[in-house]
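Visitor: the following comprises the amino acid sequence and a computationally predicted model.
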Amino acid sequence: MPASLECGCGPCRNFAVAKASIYPAEIRELFSKLGIEIEKEVYLVHTARKQPGFHYYSGAHVSFGRVLKGDQKKRKETAYEEVNASFSMLISETISLPSSSILDPHVGELFQVNFFALVPWLLANEPEPTYG
């Protein structure tokens, strides 16, 4: 089950509603090639409110495979990319999530894609969190 649906808190429900518009087209295409289902993040946290109506979130997806591009000696290091002003990501072969977040961490090699997104508050009938 996606992390945004497991919790049930307002910020997670907001992310679930906004999810379809958060990921830029080039990231959707990349994730599709990598076998990552955008609908199935394994980790999600509301980190802060930027201003009324906009909130920062971070989360992660995990997929099977190896990162092969780039310097092979530095492969296990992370690769950060700011896609646009509202979305950035970090790809790493180092899995930093608890094993309970991953269905079967012992099947093949895994890599993790962390994302950082500025997300609009779409739950009109629910007050937005004011912390952060």
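Guide: Done, it's in.
Visitor: how long is stretch 33-44 end to end?
Guide: End-to-end span of stretch 33-44 (CA to CA, to the nearest Å): 22 Å.
Visitor: what's that stretch in contact with?
Guide: Stretch 33-44 is contacted from outside by 2-4, 7, 12, 15, 19, 23, 28, 31, 57-65, 97, 101-102, 113, 115, using CB atoms under 8 Å, 6 or more residues apart in numbering. All C-beta spots, glycine's among them, are computed from the backbone N, C-alpha and C.
Visitor: give me the buried positions along it.
Guide: Ile36, Ile38, Glu41, Val42, Tyr43, Leu44 (16 or more other CB atoms under 10 Å).
Visitor: give me the subset of those lying in strands.
Guide: Tyr43, Leu44 (DSSP state E).
Visitor: okay if I get the buried residues of stretch 33-44 as a markdown table plus distance to Ser92 and pLDDT?
Guide: A markdown table is the format used below for the buried residues of stretch 33-44 (distance: CB to CB, whole Å; pLDDT from 0 to 100):
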| residue | distance to Ser92 | pLDDT |
| --- | --- | --- |
| Ile36 | 14 | 90 |
| Ile38 | 18 | 90 |
| Glu41 | 16 | 92 |
| Val42 | 14 | 89 |
| Tyr43 | 13 | 91 |
| Leu44 | 17 | 94 |
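Visitor: may I ask you to confirm that Leu30 belongs to a helix?
Guide: Yes - under DSSP: H, G, I helix; E, B strand; the rest coil, Leu30 falls within a helix.
Visitor: many thanks, we can stop here.
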